[in-house]
Structure formats: C-alpha cells, structure tokens
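[1] what follows is a predicted protein model with its sequence.
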Amino acid sequence: MEMKIDFPGGARVDAHFGSFTVRTDQPVSAGGDGSAPTPFSLFLTSIGTCAGIYVLGFCKQRGLPTDGISIVQRAKTDPSSGMVGKIELEIQVPDNFPEKYLPSLIKSAELCAVKKHIEKPPQFEIQTQVVESVN
C-alpha cells in the first residue's frame, strides 16, 4: 500500500490513499488548530477499531446482536519513559449477551491485525529523494 503524505497548512499533515484522505492536526496547545485528531490518536484508534472489526465479525457469524456492545480502550503511559506501556481493551456487553461467548469475544479481539503488527513490528527505512520542482 502506498500513501502520499502532504502538508496542507498550519500543523496539519494529511495522508492520501485510494479514494481516502485522512486528516491530522495538532491541538491548539501544540501550535495546531485542533481541527483533526493527532497522528498518535489515530494510531491508538486503529487498535480499538481493528479489535472491533473482529468482535463484530464474530457476532455476525453467529447471528448475535451487537446492540449494546462496545469496546473501551485505555492507554496506560509509563511515567518513566512517557511512552504507552499498556493498552487495555474492555469489551462491554449487555447483561443478556450469552455468557458462553465471552471468552470467544476476547479471542476474536486478539486476532486484530494492528495488534499483531505492534507485537512483531516491521522494520522502518526512512530516506529522502530530491524531485524536480514544478514551477
């Protein structure tokens, strides 16, 4: 997958891929307009929504209603490093959800591709390339 990242103004940085544009910004306190989520917020969002896709798929495959199901994600920061040290996902289900499926909901969320990539991260290669200016 290839994305094009550009800088539309201020502290905004946008990513374009396929027919989509994902906009990011910095909060006002960091020099942005607060017009969009920060890149790091989107990163964290990708974890919870990815787990949600797997929980949704599990329920759909079994004809289980998803009304009242939600996932609460908590990122715990390690005070010594300032880095996220733990991410908790709590799958909340209504009291009438079949109890026998609760362990399977956890297993389905654990299949999240984003989570798997964090657990076995890719290598990064960053380089520059000079391109001809268009005047």
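    It's in.
[2] could you measure from Asp95 over to Leu89?
    Here Asp95 is placed at a distance of 20 Å from Leu89 (C-beta to C-beta, to the nearest Å). Any C-beta I mention is one placed from the backbone N, CA and C, and that applies to glycine too.
[3] the two: which is more packed in?
    The residue with more neighbours, out of Asp95 and Leu89, is Leu89; 18 against 6, by other C-beta atoms under 10 Å.
[4] could you pull up the residues touching the more buried one?
    By C-beta atoms under 8 Å, 6 or more residues apart in numbering, Leu89 lies in contact with Ile47, Gly48, Ala51, Ile71, Val72, Gln73, Ala109.
[5] where's it, which helix or strand?
    strand 84-92 (DSSP states H and E).
[6] walk me through which strands that strand pairs with, and which way each runs.
    Applying DSSP bridges, strand 84-92 is found paired with strand 70-77 (antiparallel).
[7] and the partner strand, which residues are buried?
    Residues of strand 70-77 classed as buried: Ile71 (neighbour count, 16 or more other C-beta atoms under 10 Å).
[8] which residues are in contact with that strand?
    44, 47-48, 51-52, 55, 83-92, 109.
[9] if we go to 6 Å?
    Leu44, Gly48, Gly52, Val84, Gly85, Lys86, Ile87, Glu88, Leu89, Glu90, Ile91, Gln92 (C-beta atoms under 6 Å, 6 or more residues apart in numbering).
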